[in-house]
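My questions concern the predicted model and sequence given below.
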Amino acid sequence: MSASGDPIVVLQAHPYLNHSRANRALADAIAGLPGVEVRALYDLYPDFAIDVEAEQDALNRASVVVWQHPIFWYTAPSLLKLWFEKVLTAGWAYGPGGEALRGKRCLWVVTTGGDESDYTPAGVHQHVFDMFASVVRQTAQFCGMIWLEPLVVHGAPRLDDTTLQAFGVRYRAYLTALHAREMQADA
């Protein structure tokens, strides 16, 4: 765990969180969770003027980084992509001297509009979902982070409230377990 602060930093990146039942359910499920700092990027940076120092400080305090967002055109929403470009800089996140994220765990929590069957060679997207995950996974691994098994919520717009709530419970439990692990490792 980091020397001080929250061991888990969640970067939520949904431009229309109030219109997303799935991402809102996930956000609500972890709200107020001890040891978790939630950074709602679209609330923090509606003008896309990212405070790089503040973001890097948050990451320095963390031992687990969570990227939570919907899939937009097979990748992250634009503000999170800009966040990657501005925050994950050479000499800090990767390359010579870029050790800030090395050994930190990275969890990807993502929602899709398509059903799991849409992500097959015969499906509308013509590829398994892992083909689209590879870009985000490689971003984490390029920075020396440890990639954790993602939490993927397929077919989010069509899921009933009970199913969304179950994903929220699973998400909360996952972060609670990660936090407990960090506290134990730090003891």
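Nice, I can see it.

tell me the SS of the most centrally placed residue in the chain?
Closest to where the C-alpha atoms of the chain average out (Cα atoms, centre = their mean) is W67, at 1.1 Å. Applying DSSP: H, G, I helix; E, B strand; the rest coil to W67 yields a three-state assignment of strand.

Do I have it right that it meets W108?
Yes - when contacts are counted by Cβ atoms under 8 Å, W67 is listed as touching W108 (5.3 Å). Using the backbone N, CA and C atoms, a C-beta is placed for each residue, glycine as well.

Return the residue of the chain that is most distant from the centre.
Distance to centre of the chain, Cα atoms, centre = their mean, peaks at A122 (28.3 Å).

what about the nearest residue to R170 once chain neighbours are set aside, neighbour count?
Nearest residue to R170 in three dimensions, chain neighbours excluded: L151, at 6.8 Å (Cβ to Cβ, 6 or more residues apart in numbering). L151 has 18 neighbouring residues, counting by other Cβ atoms under 10 Å.

So in terms of bridging, what pairs with L151?
V109 (DSSP bridges).

In contact with it, which residues?
L107, W108, V109, V110, F167, R170, Y171, Y174 (Cβ atoms under 8 Å, 6 or more residues apart in numbering).

How about P121, nearest residue that isn't a chain neighbour?
H127 (6.9 Å).

What is the neighbour count of that neighbour?
There are 12 residues near H127, going by other Cβ under 10 Å.

and what of V9?
23.

what's the answer for R158, then?
11.

Same question for E85.
10.

Shouldn't it be within a helix?
Yes - under three-state DSSP, E85 sits within a helix.

separation between it and I50?
9 Å (Cβ to Cβ, to the nearest Å).

repeat for A31
23 Å.

Neighbour count: these two, which is higher?
I50 (17 against 11).

Hmm, the more buried one is touching L82, no?
Yes - using Cβ under 8 Å, I50 is in contact with L82, at 6.5 Å.

show me where the protein has helices.
Using DSSP state H, the helices of the chain run over residues 21-30, 41-44, 52-61, 78-87, 130-142, 161-186.

Need the contact partners of the fourth one.
Outside helix 78-87, the residues that touch it by Cβ under 8 Å, 6+ apart are 11, 13, 15, 41-42, 45, 48, 50, 52, 55-56, 59, 67, 69, 72, 75-76, 93, 139.

PyMOL command for the buried members of these?
To isolate in PyMOL the members of the contacts of helix 78-87 that are buried, counting by 16 or more other Cβ atoms under 10 Å, one can use:
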select buried, resi 11+13+15+41+42+45+50+55+56+59+67+69+76+93+139
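
so how far is W83 from L44?
Distance from L44 to W83, by Cβ to Cβ: 10 Å.

Need the distance between the two termini of stretch 149-159.
End-to-end distance of stretch 149-159 (Cα to Cα, to the nearest Å): 22 Å.
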